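A.B. asks: have a look; sequence and predicted model below, questions after that.
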Amino acid sequence: MKLGPVDWAILFIYFSFVLGIGYALRRYVKTSNDFFLSGRSIPAWVCGLAFISANLGAQEVMGMAASGAKYGIMTSHFYWIGAIPAMVFLALFMMPFYYGSRARSVPEYLKLRFDEKTRGLNAVTFALMTIVSSGISMYAMGLLLNLLVGWSFDVSVWVCAVIVLLYVTLGGLTSAIYNEVLQFFLIVFGFLPLVLLGLHDVGGWPGLQAGLSAVATSRGYAAGAWSESWAQMGSSSANPMGVEWFGLAMGLGFVASFGYWCTDFLVVQRAMAADSMLSARRAPLIAAFPKMLFPFLVILPGMIAIVLHQRGAAGGFSLPVKADGTLNYDMTIPMMLSHYLPEGMLGVGITALAASFMAGMAGNVTAFNTVFTCDIYQAYVRRNASDAHYLWVGRMATVCGIAASVLAAYLVSHFNNIMDMLQLVFAFVNAPLFATFLLGMFWKRTTGHAAFYGLILGTVAAALHHGLSLPAGSVPGIKGGWLAILHRYPSEMAQNFWTGIWAWSTSFVTTLLISLVTKPRPESELRGLVYSLTERQVPAAGERWWRRPFGLAFIVIVLTLGLNIVFR
Amino acid sequence: MHLDIRKPIGLLFSLLGALLVAYGLAGDPSKYVRSLGVNVNLWWGLVMAGFGISMLWLAWRRDAE
């Protein structure tokens, strides 16, 4: 891909703005609360956009397009069945506890609700995971920029690290949030032309459907397999993803999504920074609207790409082939960008990608510096220092966090399997966490011991399930079956979903059982932390129904249901 | 109290939009074969600039209150 001077100018302008925002915000960072939680002053719409942006790293954008090419519109399930219900649940039922408890982080909530050891476990695992994620983001960006525009891997990694370091250290969470919102708009403006041009090129939606039929039948599936999201989900062999509806609904819709959206501090932090309880509850719901439409922005290009690829030489477009002969779906977005966009707009597209890598990294770094300072340093190293001291620690943690991420990026680049292994570990840890939260927030009898052991056993169960099962067409090792092969799954995705289901269930049952035989905390300590011991939120007089959280949620659910029906 | 986020957003997109429009007007048309003959720099540049300007206008209106 050749970038012209105008493209470079656009990239340069963007980086200047990013640094400029960090610099302009530094005077508003006076206390540690300002640095870690933006002083809880961010309006709902900004929180909402930052909320989805923090999650929308370039790997998600490129990964969704790749999945769109590989599986078709079924990929929308990640959004319409996965993310949206989880975001609604978070907004309506969990934000009151996160925001109302005045906890500064998810581990801090766990300390308030359970005990120190549960907080410690979560804080340490999260801190590690988030640094590694940040490193993986940097690695992926280095690799991509090297491949696309010839920058050396080292230069990309270090430039990215320095820029993020500067703007987060100067402006704290606010800086990260503002840049995430910027990234959101860049992605929309960078990719929308791609969708519009691509759809026009293949003949609109009918043309796309026809093209997708050809793709589906040439691979041995029913004609609608790529363009219908539910019709082929009766059995796992009928669709390219290899999942049936139950595994999907429970594994993705419930466990994996709720596990991520409801407990991952990276996203929850953005809602915690809101300027009021109402804003905090609205933020994930506001985020749900663009999130609903994102399949059209990121998945559609993938579907268009596979149709173009299918056309063969006539289309002038083909996806590259990997060394083992399979299609390199991950290159879908870069290929589409260079296929349709001339110099100028191409710069915007590449800048959007670079922005999402950097925002992904910054999101991880802000989550890390908060958890490190509040839940590790303040809890275990120095308990009662001045606020200025913690602000300083937060900034130091940012520097060290980024240094550690760079290290992680280099490690991953040398041991490629690490990336797969780490994604696996993250999955093992997230699902049990959600069971813990569910029981903790809605059942006052749940105890700290139960939570702690539930988490541990749930993670072990996930590892065991993975070690005892294998997806079709894989060899025992990183894909599973490293203990013994007790069960074979039709696809890797099916295996992932069921690992999640097992992990969640084990955590849930363990936490329940242990709670029944251990002593819970007195109710007086749990006010505001558990559903039954918290006052119901009373809506303000005269507040219109569609502005209240439940009203907004209703609209979101109806629209999402509608989308599912239209594209079934 | 805080820097209104609409200002940097508005500024960035107005700037990028203006750049694209200028390049779209000045550049040579052979570039646009790949974008199906549409001068996407010009048209989308106008859209982006429009977005940027409305953001700035919203921020200015808020300041005036």
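C.D. replies: Ah, there it is.
A.B. asks: quick one: the strand or helix carrying A:Tyr99 to chain centroid distance?
C.D. replies: Using DSSP states H and E, A:Tyr99 sits in helix A:95-100. Remark: helix A:95-100 is offset 21 Å from the chain centroid, using C-alpha atoms, centre = their mean, to the nearest Å.
A.B. asks: what lies in contact with the next helix or strand after that helix?
C.D. replies: The helix or strand immediately downstream of helix A:95-100 is helix A:106-113, counting by DSSP H and E. Helix A:106-113 is contacted from outside by A:97-98, A:101, A:103, A:118-120, A:122-123, A:126, A:263-265, A:268, A:371, A:374-375, A:379, A:440-441, A:451, A:526, A:529-530, using C-beta atoms under 8 Å, 6 or more residues apart in numbering or on different chains. To be clear about C-beta, it is placed using only N, CA and C from the backbone, and glycine gets the same treatment.
A.B. asks: got a list of contacts for the helix holding A:Tyr99?
C.D. replies: Contacts for helix A:95-100 (C-beta under 8 Å, 6+ apart): A:106, A:109, A:113, A:268, A:271-272, A:274, A:277, A:280-281, A:283-284, A:441, A:528-530, A:534, A:537.
A.B. asks: hmm, try it at 7 Å
C.D. replies: The contact list for helix A:95-100, computed with C-beta atoms under 7 Å, 6 or more residues apart in numbering or on different chains, reads A:109, A:268, A:271-272, A:277, A:280-281, A:441, A:528-529, A:534, A:537.
A.B. asks: quick one: buried residues of the top helix by length along chain B?
C.D. replies: Using DSSP state H, we find that the single longest helix of chain B is helix B:40-64. Across helix B:40-64, burial judged by 16 or more other C-beta atoms under 10 Å in any protein chain shown covers B:40-45, B:47-49, B:51-52, B:55-56, B:59.
A.B. asks: include distance to A:Gln232 and pLDDT when you put those into JSON lines, please.
C.D. replies: Putting these into JSON lines (distance: C-beta to C-beta, whole Å; pLDDT from 0 to 100) gives the following:
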{"residue": "B:Val40", "distance to A:Gln232": "36", "pLDDT": "88"}
{"residue": "B:Asn41", "distance to A:Gln232": "41", "pLDDT": "90"}
{"residue": "B:Leu42", "distance to A:Gln232": "42", "pLDDT": "92"}
{"residue": "B:Trp43", "distance to A:Gln232": "38", "pLDDT": "91"}
{"residue": "B:Trp44", "distance to A:Gln232": "36", "pLDDT": "93"}
{"residue": "B:Gly45", "distance to A:Gln232": "42", "pLDDT": "94"}
{"residue": "B:Val47", "distance to A:Gln232": "37", "pLDDT": "95"}
{"residue": "B:Met48", "distance to A:Gln232": "39", "pLDDT": "95"}
{"residue": "B:Ala49", "distance to A:Gln232": "44", "pLDDT": "95"}
{"residue": "B:Phe51", "distance to A:Gln232": "39", "pLDDT": "96"}
{"residue": "B:Gly52", "distance to A:Gln232": "43", "pLDDT": "95"}
{"residue": "B:Met55", "distance to A:Gln232": "43", "pLDDT": "94"}
{"residue": "B:Leu56", "distance to A:Gln232": "48", "pLDDT": "94"}
{"residue": "B:Ala59", "distance to A:Gln232": "48", "pLDDT": "91"}
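A.B. asks: name the residues of chain B found near chain A, please.
C.D. replies: Applying C-beta under 7 Å from any C-beta of the partner chain, we find that chain B lies next to chain A at B:2-3, B:5, B:8-9, B:12-13, B:15-16, B:19-20, B:23-24, B:31-32, B:34-36, B:40-41, B:44, B:48.
A.B. asks: quick one: the closest residue in space to A:Gly242 that isn't next to it in sequence from B:Trp60, how far?
C.D. replies: Of all residues not flanking A:Gly242 in the chain, A:Ser491 sits nearest, at 2.7 Å (C-beta to C-beta, 6 or more residues apart in numbering or on different chains). Counting by C-beta to C-beta, to the nearest Å, the separation of A:Ser491 from B:Trp60 is 53 Å.
A.B. asks: and if you look at A:Ala274?
C.D. replies: On the measure of C-beta to C-beta, A:Ala274 and B:Trp60 end up 25 Å apart.
A.B. asks: ok, now which ones touch the residue nearest to A:Gly242?
C.D. replies: So A:Ser491 contacts A:241-243, A:471-472 (C-beta under 7 Å, 6+ apart).
A.B. asks: do A:Val215 as well
C.D. replies: So A:Val215 contacts A:226, A:306-307, A:310 (C-beta under 7 Å, 6+ apart).
A.B. asks: low pLDDT regions in the chain?
C.D. replies: No chain was given, so I picked chain A. By pLDDT under 70, the low-scoring segments of chain A are A:313-315, A:416-419, A:537-542.
A.B. asks: um, chain B though
C.D. replies: In chain B, residues with pLDDT under 70: B:1.
A.B. asks: the lengthiest helix in chain A vs chain B: in contact?
C.D. replies: The residue-count maximum for a helix in chain A (DSSP H) belongs to helix A:153-202. Yes. Judged by C-beta under 7 Å from any C-beta, helix A:153-202 comes into contact with chain B at A:178, A:181-182, A:185, A:189, A:193, A:197, A:200-201.
A.B. asks: most neighbours among those, which one is it?
C.D. replies: A:Tyr178 (27 neighbours; other C-beta atoms under 10 Å in any protein chain shown).
A.B. asks: show me what contacts that residue?
C.D. replies: Neighbours of A:Tyr178 in contact, by C-beta under 7 Å, 6+ apart: A:21, B:5, B:8.
A.B. asks: residues touching the last one, list them.
C.D. replies: Counting by C-beta under 7 Å, 6+ apart, B:Pro8 makes contact with A:17, A:21, A:178.
A.B. asks: quickly note the distance from the last one to A:Val29.
C.D. replies: Spelled out, that is A:Tyr178. Distance from A:Tyr178 to A:Val29, by C-beta to C-beta: 13 Å.
A.B. asks: before we move on, the earlier item: and the furthest pair within the buried residues of helix B:40-64?
C.D. replies: B:Val40 and B:Ala59 (27.9 Å; C-beta to C-beta).
A.B. asks: please work out how many residues are found near A:Trp8.
C.D. replies: Neighbours around A:Trp8, by other C-beta under 10 Å: 15.
A.B. asks: helix or strand for it, which one?
C.D. replies: helix A:5-25.
A.B. asks: export that helix to PDB, keeping only CA atoms.
C.D. replies: Extracted in PDB, the C-alpha atoms of helix A:5-25 (Å, rounded to 0.1, in the frame of the first residue of the first chain):
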ATOM      1  CA  PRO A   5       1.900  13.000   1.200                       C
ATOM      2  CA  VAL A   6      -1.700  14.000   1.900                       C
ATOM      3  CA  ASP A   7      -2.200  10.700   3.800                       C
ATOM      4  CA  TRP A   8       0.900  11.300   5.900                       C
ATOM      5  CA  ALA A   9      -0.300  14.900   6.600                       C
ATOM      6  CA  ILE A  10      -3.600  13.500   7.900                       C
ATOM      7  CA  LEU A  11      -1.900  11.100  10.100                       C
ATOM      8  CA  PHE A  12       0.400  13.800  11.400                       C
ATOM      9  CA  ILE A  13      -2.500  16.200  12.100                       C
ATOM     10  CA  TYR A  14      -4.300  13.500  14.000                       C
ATOM     11  CA  PHE A  15      -1.200  12.700  16.200                       C
ATOM     12  CA  SER A  16      -0.800  16.400  16.900                       C
ATOM     13  CA  PHE A  17      -4.400  16.700  18.100                       C
ATOM     14  CA  VAL A  18      -4.000  13.700  20.300                       C
ATOM     15  CA  LEU A  19      -1.000  15.200  22.000                       C
ATOM     16  CA  GLY A  20      -2.600  18.700  22.000                       C
ATOM     17  CA  ILE A  21      -5.700  17.300  23.800                       C
ATOM     18  CA  GLY A  22      -3.500  15.700  26.500                       C
ATOM     19  CA  TYR A  23      -1.600  18.900  27.000                       C
ATOM     20  CA  ALA A  24      -4.800  21.100  27.100                       C
ATOM     21  CA  LEU A  25      -6.300  18.800  29.700                       C
END
